[in-house]
Structure formats: structure tokens, C-alpha cells
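Engineer: with the input below, show me the fold.
(one chain, ligands or ions: 2)
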Amino acid sequence: MVKICCIGAGYVGGPTMAVIALKCPEIQVAVVDIASARINAWNSDHLPIYEPGLDDVVKQCRGKNLHFSTDVEKHVAEADIVFVSVNTPTKTQGLGAGKAADLTYWESAARMIGDVSKSDKIVVEKSTVPVKTAEAIEKILTHNRKGINFTILSNPEFLAEGTAIKDLYNPDRVLIGGRETPEGAKAIQTLRDVYAHWVPIDKILCTNLWSAELSKLAANAFLAQRISSVNAMSALCEATGADVSQVSHAIGTDSRIGPKFLNASVGFGGSCFQKDILNLVYICECNGLPEVATYWKQVIKVNDYQKTRFVNRVVSSMFNTVSGKKIAILGFAFKKDTGDTRETPAIDVCKKFDWDHPAHLQPSSPTSIKTVSVVWDAYEATKDAHGICIMTEWDEFKKLDYQKVYDNMQKPAFVFDGRNIVEVEKLRKIGFIVYSIGKPLDSWLKDMPAVA
Ligand SMILES: NC(=O)c1ccc[n+]([C@@H]2O[C@H](COP(=O)([O-])OP(=O)(O)OC[C@H]3O[C@@H](n4cnc5c(N)ncnc54)[C@H](O)[C@@H]3O)[C@@H](O)[C@H]2O)c1
Ligand SMILES: O=c1ccn([C@@H]2O[C@H](COP(=O)(O)OP(=O)(O)O[C@H]3O[C@H](CO)[C@@H](O)[C@H](O)[C@H]3O)[C@@H](O)[C@H]2O)c(=O)[nH]1
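Structural biologist: Ligands and ions are numbered 1, 2, ... in the order given. Sure, this is the predicted structure:
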């Protein structure tokens, strides 16, 4: 019986392994993590992450062929295939700080695999890593191998949060990269057999190691670039009277462009896009390609510009200051259907509001945190507020009774829609002053500065 162990029970390791366990009943799957609170949650009725459909998959397999454990070494030692799905955040200190991927979690996992293994293993890179990481991992493992053979594969994950289970059931493709050697080919075949339980074989793409590693960074860079492109257009739409939704639709019907990922927004967030582009930029710089690095860096610059532009719209509309005003932030996650707030644009927007306080009103003690309160209900959040900022496109915010919201707010009442989900004309009829990204401007906002 094939045994799989996945190191890292996070947003990727948990759902991915749960789906493998569901689709491959004859395979034993162990998901291990050093974070005991996370493992306890995976073993409880309250899973550590919110993902539609995940509870159901876990309930079907947990305790049968899916196990969550903190006994990392035992499960790694027993496994034939070890997935490594640990976090690879941006380095905050030292060489490459602010750009390069921090591979300390990866390296310690690799050293541990080398230490505890007593049988041959396929080691699969599931985390998103810089190109050539597999070579570094090979070196670590082969220098410690004690006669054991380790074959490294790259199998990057393309799921998006909020649709992880759907994406895992029905991936656009599964990508497996390996060495072009007999051992590499054999390992690719073993992993391909796992996915072939439910993924059509023509959707399982096999490449060399470096192509697989780079494809993951390239895919995220292209996706994020689309958002920055449409967001750049949104600024031009506001300046000219064009409507970004109409422009997106018009260009998206061109089959060469396609309709997806063209929603203008307050900016992209999440733990992946910025981190992976910075990683790509660093790799370009290290390979002597400064022009290529600058090109990709611009995607992040436009994203930062979009968040700043949004805050400036809010502040300039509200008589050039938000100091002393109540602003209701609707939604904090970086997108709907996830509880994940890593790198969410809402954080940057709220921080920029803090900056707008005049010096004499600057919070001076830790108790100033009281200026933020968190409530469950949108009606409570908006009561007596001067303005509303919609930061996440939760369906709940589309269906609010905006007349009721308006009646309970200070006047003039503002809605700043960072996700373009409200019906602008309907809200304007109620009496709101509405700003929607990339849409024809409310007369209130005309002639006000969009960018400081
Ligand atoms: N979140 C996504 O949607 C997504 C999608 C595709 C790819 N990725 C990539 O997958 C990787 C994991 O992302 P994530 O969002 O699941 O991260 P995460 O932070 O949710 O999970 C990583 C887990 O690894 C554990 N860990 C770290 N070092 C360990 C060690 N030595 N031994 C055991 N456990 C260890 C941590 O405790 C943590 O629980 C990253 O490289 C990310 O870029 C993420
Ligand atoms: O038209 C769009 C689409 C998305 N977004 C924003 O972009 C961010 C990222 O969204 P999405 O890509 O759907 O979610 P992620 O979970 O970050 O998934 C991305 O990052 C993952 C981690 O690498 C990859 O696996 C996925 O393929 C890739 O889509 C979110 O803030 C969205 O609101 C927009 O502003 N406009």
C-alpha cells in the first residue's frame, strides 16, 4: 500500500491531501505539522481553515485513510511519497530581504527527511519555491542519505482559496516536473498514477524540474498582471468617463484575452501574488536581468498605487479628513469564501486611514487600539458611520437593505465600493454618495484629487 505524508497542514497541505485521500481510498495519507493547535483543529469539528466543501471531504476520510498528526518524524519515515507544503514567505531580514523567498522552513523539513528516512522516498515540492530549489534540496538529501535514494519532484499547487475543493476536483492541469533520468521518469509516473485516480491524463503535464518550478511563479505573475492591468485602466476610466466593467467585458470577449480575472478592485491581496512576484523579481535580478525584474515589479507598484488611490478617494471625498469619523469596513478577508486575511488590501487601507489623523490627534498609547472595533453584523457596523468601505465581495454585502443602512448613518453618507458589488444607481437614488472603482464618477467626487 502506498503511503503519503505531507509536511505542512496549512491552506494547501490540508485540502490537497484531503482530496487525495478521498479520491484514492487505497492510499494512506498523513498530514503532519509542528503546530499542534492546527493539528488539533484538523482533528476537531472546527477545521483551522474555512473553505467551502472542505468539512465534508475531511469527514468522509478522517480516521480511515486520512490522518492529522504532530508526529512528523514517524510519518515521514514510513512514507513512500513525502509532500513538502510548508510556508515560504518573503524574507524580512538579511540577503534578499523584502524580495527573496525565506526557505528556512523548507530546509529544516528537508534536513529532517534526510535524518529520519530509512527507505527510498519521492520528495515532492508542493510549496511555491524559487527556480532551482530542487537542486538545493537534492544536495541536502544526498549529503545525508546513508544509502537511501531520494528523488525530487516539483508539483506546484494552483488552487485558489475559496474555491480550493472545486479546483482540486477539477484542476485546469496538474503539473509534475522531474529529472530527465530513469529514476526521475519513474517517480513522475508514480505521482501521475496518484492524480490519475480522478484527473484526466491529458491534464497531467510533465516537464523538467525547472520548468515546473518557474511555471508556478509565471502563472501567478501573469494572473496578478491582469489585475494590475485592469486596475490601471480603472484609473483611466475614472478620468475619462468610461466604465471599467464595460471595458473588461468588451476586451474579454476577444478569445485571445478571455473574460476571467478582469475585475477591477481595490487591489489584489492574499499570501501568494505579491510574495511570488517579489520572488520572481529577485530571481531575475540574481540572473542579471534587471529589465525583466523592473517589468514585473511594476505589477506590484500598480497594486500599491490602486490601494493608495482608493484611500485618497475616501479622504478627499470626506472633506479631506477621516479623523474623528466612523468608517465601516465591510469585509476584511482578501477575497470572499475564505477566512484568510494574509496580505489583504483591507489592512493597507485601514493603516492609511490611521496616517490621516492630524498630529495633535495621533493615537499616543496602546489603548488607542480602541479606535477599532469588530462586530459580526453589517447593520451594527454601519450604524452612525460617516462612510462605508467595501473591502471583500461577500454575497451578504450585495443583499443588504441599503435604505435601512442609509437611514442609520451620518449624512452625507458615503459608500466606497472597493469590489464593485453594489448597484450604484440604486444607492445614489437612496441618497448615498457612491464611489465605485473605475465607474463614472459621482458629481461629488469630480474635480477632487484621485492621487496625492
Ligand atoms: N494558500 C494558497 O492558496 C496557496 C496556493 C498554492 C500554493 N501555495 C504555496 O504553498 C505553500 C504553503 O502555503 P499555505 O498557505 O498552505 O501555508 P500555511 O502557512 O497555511 O501552512 C504551512 C504549514 O507548514 C507548517 N510547517 C512549517 N515548517 C514545518 C516543519 N519543518 N515541519 C512541519 N510543519 C511545518 C506550518 O506550521 C504551517 O501550518 C507556500 O509555499 C505557498 O506559497 C499556497
Ligand atoms: O479579477 C480579479 C481576480 C482577483 N482579484 C483579487 O486577486 C486576489 C487573489 O485572488 P485569487 O487568485 O482568486 O486567490 P488566491 O487564493 O490568491 O489564488 C492565487 O494564488 C494561489 C497561490 O499561489 C494560486 O494557486 C492560484 O492559482 C491563484 O489564483 C484577491 O484579492 C482577489 O480579490 C481581483 O482583484 N480581480
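
Engineer: count of neighbours near residue 384?
Structural biologist: The tally of other residues near residue 384 (other C-beta atoms under 10 Å) stands at 10. Backbone N, C-alpha and C define where each C-beta goes, glycine included.

Engineer: right, and it touches residue 325 too?
Structural biologist: No - between residue 384 and residue 325 there is no contact under C-beta atoms under 8 Å: 10.2 Å.

Engineer: okay, and the common contacts of those two?
Structural biologist: When C-beta atoms under 8 Å, 6 or more residues apart in numbering defines a contact, the residues bordering residue 384 and residue 325 alike are residue 410.

Engineer: residue 397 and ligand 2: what is the separation?
Structural biologist: As judged by C-beta to the nearest ligand atom, to the nearest Å, residue 397 and ligand 2 stand 14 Å apart.

Engineer: now that residue: how far from residue 331?
Structural biologist: Distance of residue 397 to residue 331, computed by C-beta to C-beta, to the nearest Å: 7 Å.

Engineer: anything in contact with each of those two?
Structural biologist: residue 390.

Engineer: what residues are up against the closest residue to ligand 1 within the chain?
Structural biologist: Residue of the chain nearest ligand 1, by C-beta to the nearest ligand atom: residue 10 (1.9 Å). With C-beta under 8 Å, 6+ apart as the criterion, the residues that contact residue 10 are 33, 38, 49, 85, 86, 87.

Engineer: may I ask which of those residues has the most neighbours?
Structural biologist: In terms of neighbours by other C-beta under 10 Å, these top out with residue 85 at 27 neighbours.

Engineer: surely that residue meets residue 11?
Structural biologist: No - in this structure residue 85 lies outside contact range of residue 11 using C-beta under 8 Å: 9.0 Å.

Engineer: which stretches of the stretch 251-400 of the chain have low pLDDT?
Structural biologist: Within the stretch 251-400 of the chain, the ranges that satisfy pLDDT under 70 run 355-370.

Engineer: write out the residues of it neighbouring ligand 2.
Structural biologist: 261, 262, 263, 265, 268, 269, 270, 272, 273, 334, 335 (C-beta under 6 Å from any ligand atom).

Engineer: which of those sit farthest apart?
Structural biologist: Spatial extent of those (C-beta to C-beta) is set by the pair 262 and 272 at 18.9 Å.

Engineer: more neighbours: which of those two?
Structural biologist: residue 272 (23 against 19).

Engineer: got the contact list for the more buried one?
Structural biologist: Counted by C-beta under 8 Å, 6+ apart, residue 272 has contacts 128, 220.

Engineer: go on, the one 3 residues further on?
Structural biologist: With contacts taken as C-beta under 8 Å, 6+ apart, residue 275 has the following neighbours: 88, 89, 90, 101, 128, 343.

Engineer: ok, so of these, who is nearest residue 147?
Structural biologist: Sorting the contacts of residue 275 by how near they are to residue 147, with C-beta to C-beta, puts residue 88 at the top with 29.9 Å.

Engineer: I'd say the closest one and residue 100 touch.
Structural biologist: No - the pair residue 88 / residue 100 is not scored as a contact, 10.1 Å apart, by C-beta under 8 Å.

Engineer: neighbour count: those two, which is higher?
Structural biologist: Under the criterion of other C-beta under 10 Å, the comparison of residue 88 against residue 100 puts residue 88 first, with 25 against 19.

Engineer: using PDB, write down the CA coordinates of stretch 280-299.
Structural biologist: What follows is stretch 280-299, C-alpha atoms only, in PDB (Å, rounded to 0.1, in the frame of the first residue of the first chain):
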ATOM      1  CA  LEU A 280      10.400  36.300  -9.400                       C
ATOM      2  CA  VAL A 281      11.900  39.800  -9.400                       C
ATOM      3  CA  TYR A 282      14.700  38.600  -7.100                       C
ATOM      4  CA  ILE A 283      15.500  35.600  -9.300                       C
ATOM      5  CA  CYS A 284      15.600  38.000 -12.400                       C
ATOM      6  CA  GLU A 285      18.000  40.300 -10.500                       C
ATOM      7  CA  CYS A 286      20.200  37.400  -9.400                       C
ATOM      8  CA  ASN A 287      20.300  36.200 -13.000                       C
ATOM      9  CA  GLY A 288      21.500  39.600 -14.300                       C
ATOM     10  CA  LEU A 289      18.100  40.600 -15.900                       C
ATOM     11  CA  PRO A 290      17.300  44.000 -14.300                       C
ATOM     12  CA  GLU A 291      14.900  45.000 -17.200                       C
ATOM     13  CA  VAL A 292      12.800  41.900 -16.700                       C
ATOM     14  CA  ALA A 293      12.800  42.400 -12.900                       C
ATOM     15  CA  THR A 294      11.600  46.000 -13.400                       C
ATOM     16  CA  TYR A 295       8.800  44.900 -15.700                       C
ATOM     17  CA  TRP A 296       7.400  42.500 -13.100                       C
ATOM     18  CA  LYS A 297       8.000  44.900 -10.200                       C
ATOM     19  CA  GLN A 298       5.600  47.300 -11.900                       C
ATOM     20  CA  VAL A 299       2.700  44.900 -11.300                       C
END
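
Engineer: this completes my enquiry, with thanks.
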